[in-house]
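**Q** Fold the following.
(one chain, ligands or ions: 1)
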Amino acid sequence: MEAPPFVSSTKTLPFRSASPSSLLFHRKHRLNCRPSRNFTVRASSAGDSAVTLLDYGAGNVRSVRNAIRRLGFDVKDVQTPEDILNANRLIFPGVGAFAAAMDVLSKNGMAEALCEYIENDRPFLGICLGLQLLFESSEEKGQVSGLGLIPGVVGRFDSSNGVRVPHIGWNALQIRKDSLILDDVGTHHVYFVHSYRAMPSDENKDWVSSTCNYGENFIASVRRGNVHAVQFHPEKSGDVGLSILRRFLYPNSSLEKKPTEGKASKLAKRVIACLDVRTNDKGDLVVTKGDQYDVREHTKENEVRELGKPVELAGQYYTDGADEVSFLNITGFRDFPLGDLPMLQVLRYASENVFVPLTVGGGIRDFTDATGRHYSSLEVASEYFRCGADKISIGSDAVYAAEEYLRTGVKSGKSSLEQISRVYGNQAVVVSIDPRRVYVKNQNDVEFKTIRVTNPGPNGEEFSWYQCTVSGGREGRPIGAYELAKAVEELGAGEILLNCIDCDGQGQGFDIDLIKLISDAVTIPVIASSGAGVVEHFSEVFTKTNASAALAAGIFHRKEVPIHSVKEHLLKEGIEVRI
Ligand code: 1PR
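**A** Just a heads-up that it's a prediction; the model follows:
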């Protein structure tokens with residue numbers, strides 16, 4: 001373990017003062033923090049090996065905790081504003097919505113303490129919303145004031161610039177000045193997930209340490225003295241991200257600048273490993289994999305097909321270079337996930353070692369248990385987030401919500417999709433679609449969007465629509481994948497996981513017709529899923545459709561095609577990926 005660099009004080013904390021010029025903006029413009037209360041600043045109660053974490057309980061900060069611990073530090077949670085002022089080093093992983101976060105910080109005096117801590121140039125790292133809150137205001141819900149420490153307004157990405165919003169995935173940084181913590185980043189990708197961003201300007205140029213291009217150049221990180229903040233997620237950016245955190249935690253150590261081997265220049269296409277998880281007949285949680293959603297062996301015993309243990313496989317795929325790992329609790333539609341504690345445990349353990357995004361789906365819906373206790377879908381999602389999920393994925397319940405929305409023309413605001421995206425932001429909500437091809441002779445035979453298919457149906461049908469299903473493909477619903485995708489985008493989905501029952505487990509390639517249809521219909525990112533058999537299937541889906549990511553399961557579980565081979569192939573084909 002490297003020695004922590006900060007010296008703790010046993011006396012009243014002597015704040016180091018920032019240079020007068022660095023405080024110029026604060027003094028003139030810091031309108032949003034109320035005047036200093038008389039904080040009692042005790043001795044540095046957070047020990048040398050502790051990192052103080054400001055977590056106001058709005059989302060997943062488990063990964064930040066895990067990353068801090070991985071780097072040899074303990075975590076001390078902020079309970080009072082004084083804990084902020086007494087911190088030796090403070091990390092603020094802002095999650096949730098800007099207005100809600102400001103509200104919490106202002107009500108309990110944390111905003112004021114944060115301003116004071118930062119103005120005194122104490123070691124600070126803000127992450128994502130933890131960067132945005134430093135600015136004057138945000139347009140996230142009308143105009144909401146921020147801490148006002150950095151000039152500028154946080155606004156939404158404009159999808160009319162030809163970019164998909166949210167900005168989800170691994171993108172490149174342009175380093176603008178010596179930022180210390182970014183010394184190892186060079187031309188590697190880091191992981192972003194957000195719909196709002198701050199823009200560089202003459203007024204804030206002294207702060208900006210790196211920018212990122214996504215339709216426009218936005219602020220990726222800021223630094224002034226010991227104060228750092230990043231729009232991306234170092235705790236989800238693999239080894240590069242851990243090195244950013246390490247440089248923040250050990251600023252005085254003589255870590256050499258690592259040579260840069262990456263080739264990042266823009267948003268990379270993502271390669272995602274998916275683990276379909278369920279209990280086997282003995283009651284153990286296992287990774288399974290179906291053929292067209294049938295996960296049982298075709299033997300006399302008809303047992304569930306087992307392809308490994310969830311935590312082990314997730315760790316393996318992280319090491320192998322997966323850009324994301326998804327867990328789908330495939331029997332969640334009938335087994336209530338909060339009753340399924342092993343799944344939550346899987347998530348907790350997996351997030352200890354996997355420092356790329358984790359998505360979890362299955363069973364996200366309202367539920368009343370045998371004792372009459374009612375659980376809202378929001379509670380289910382919150383539990384998943386607390387256990388380490390970065391995104392949750394909704395299947396069946398999103399189909400019912402879309403059907404109701406299309407029937408009534410009214411957004412009730414009550415569906416799981418709407419509630420979760422309102423509280424956690426749409427970038428945290430994936431809708432998983434399980435469609436099945438329905439061939440028709442004529443384009444106008446059904447009321448759903450019908451397309452001419454590349455390969456005709458069994459009776460020579462030239463057209464098909466894609467019928468959505470629920471309960472793991474067991475029940476077809478009166479809604480097409482096209483109609484569903486557009487409806488869930490309006491209801492607040494941030495991303496679509498597009499499966500195809502016909503292709504699942506077949507190894508014959510993705511359903512290009514379907515993926516093109518859906519990725520052209522929406523402005524949120526689409527993950528292509530089902531059917532990958534060889535590396536060429538990945539380049540095909542990225543060259544022929546607008547998919548942002550491609551997901552596979554069987555070929556990875558059976559070790560037929562390693563993740564690094566997929567990436568090498570994509571790079572050879574000129575498709576940017578994270579390496
Ligand atoms: O309806 O909200 O409870 O969510 C249930 C979730 O479980 C949905 O996301 C649904 O897709 C998933 N699911 C339900 N039953 C199955 C099943 O297989 N019997 N798995 C299932 C879906 C499909 C893919 C698969 C790809 C790639 N799995 O995720 O991993 O098709 O496979 P491949 O590369 O081997 O072709 P709710």
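**Q** can you give me the strands for the stretch 1-150 of the chain?
**A** For the stretch 1-150 of the chain, the strands defined by DSSP state E, counting those that start in this stretch occupy 50-53, 74-77, 90-94, 124-128, 135-138, 144-145, 150-156.
**Q** I'd like those strands written out as TSV, with mean neighbour count added.
**A** All C-beta spots, glycine's among them, are computed from the backbone N, C-alpha and C. Below are these laid out as TSV (neighbours: other Cβ atoms under 10 Å):
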stretch	mean neighbour count
strand 50-53	23
strand 74-77	15
strand 90-94	27
strand 124-128	26
strand 135-138	24
strand 144-145	18
strand 150-156	20
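**Q** OK, contacts around I272?
**A** Residues in contact with I272 (Cβ atoms under 8 Å, 6 or more residues apart in numbering) are 322-326, 527, 549-552.
**Q** picking up where we left off before, and of the strands of the stretch 1-150 of the chain, who's closest to the ligand?
**A** strand 124-128 (25.8 Å; Cβ to the nearest ligand atom).
**Q** just the CA coordinates of that closest one, formatted as PDB?
**A** Provided in PDB are the C-alpha atoms of strand 124-128 (Å, rounded to 0.1, in the frame of the first residue of the first chain):
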ATOM      1  CA  PHE A 124     -11.500  18.100  -3.300                       C
ATOM      2  CA  LEU A 125     -12.700  15.800  -6.100                       C
ATOM      3  CA  GLY A 126     -16.200  16.300  -7.500                       C
ATOM      4  CA  ILE A 127     -17.500  13.700  -9.800                       C
ATOM      5  CA  CYS A 128     -20.300  14.200 -12.500                       C
END
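**Q** Tell me if I am right that L182 is in a strand.
**A** No - assigned with DSSP: H, G, I helix; E, B strand; the rest coil, L182 falls outside any strand and is coil.
**Q** Is it possible to get JSON lines of the strands of the stretch 1-150 of the chain that adds distance to the ligand and mean pLDDT?
**A** What follows is the strands of the stretch 1-150 of the chain, written out as JSON lines (distance: least, Cβ to the nearest ligand atom, whole Å; pLDDT from 0 to 100):
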{"stretch": "strand 50-53", "distance to the ligand": "31", "mean pLDDT": "96"}
{"stretch": "strand 74-77", "distance to the ligand": "32", "mean pLDDT": "96"}
{"stretch": "strand 90-94", "distance to the ligand": "27", "mean pLDDT": "92"}
{"stretch": "strand 124-128", "distance to the ligand": "26", "mean pLDDT": "97"}
{"stretch": "strand 135-138", "distance to the ligand": "32", "mean pLDDT": "97"}
{"stretch": "strand 144-145", "distance to the ligand": "33", "mean pLDDT": "94"}
{"stretch": "strand 150-156", "distance to the ligand": "28", "mean pLDDT": "97"}
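**Q** before we move on, what SS does H298 have?
**A** Secondary structure of H298, per three-state DSSP, is coil.
**Q** What average pLDDT does stretch 449-463 get?
**A** For stretch 449-463, mean pLDDT is 97.
**Q** Any chance of the strands of the stretch 1-150 of the chain in TSV with distance to V354 as columns?
**A** Formatted as TSV, the strands of the stretch 1-150 of the chain follow (distance: least, Cβ to Cβ, whole Å):
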stretch	distance to V354
strand 50-53	20
strand 74-77	18
strand 90-94	17
strand 124-128	18
strand 135-138	31
strand 144-145	34
strand 150-156	29
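**Q** Just tell me which of these ends up closest to I563.
**A** strand 124-128 (26.2 Å; Cβ to Cβ).
**Q** Those residues of the protein touching the ligand, which are they?
**A** Taking Cβ under 6 Å from any ligand atom as the contact definition, the chain meets the ligand at 274, 276, 289-290, 293, 295, 328, 330, 332-333, 361-364, 393-397, 432, 434, 472-473, 499, 504-505, 529-532, 551-554.
**Q** Would you state the predicted confidence (pLDDT) at L255?
**A** 63.
**Q** Just give me the neighbour total for the residue in the stretch 1-150 of the chain that the ligand sits nearest to.
**A** Using Cβ to the nearest ligand atom, N60 is the residue of the stretch 1-150 of the chain that sits closest to the ligand, at 18.9 Å. Around N60 there are 28 other residues, counting by other Cβ atoms under 10 Å.
**Q** for it, what are its contacts?
**A** Per Cβ under 8 Å, 6+ apart, neighbours of N60: 95, 385-386, 388-390.
**Q** Dump these into a markdown table; add neighbour count as well.
**A** Below are those laid out as a markdown table (neighbours: other Cβ under 10 Å):
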| residue | neighbour count |
| --- | --- |
| V95 | 23 |
| F385 | 25 |
| R386 | 16 |
| G388 | 23 |
| A389 | 28 |
| D390 | 27 |
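**Q** which one of the residues you listed is nearest E540?
**A** Of the contacts of N60, the one sitting nearest to E540 (Cβ to Cβ) turns out to be D390, at 28.2 Å.
**Q** Leaving out chain neighbours, which residue sits closest to the closest one?
**A** P357 (4.3 Å; Cβ to Cβ, 6 or more residues apart in numbering).
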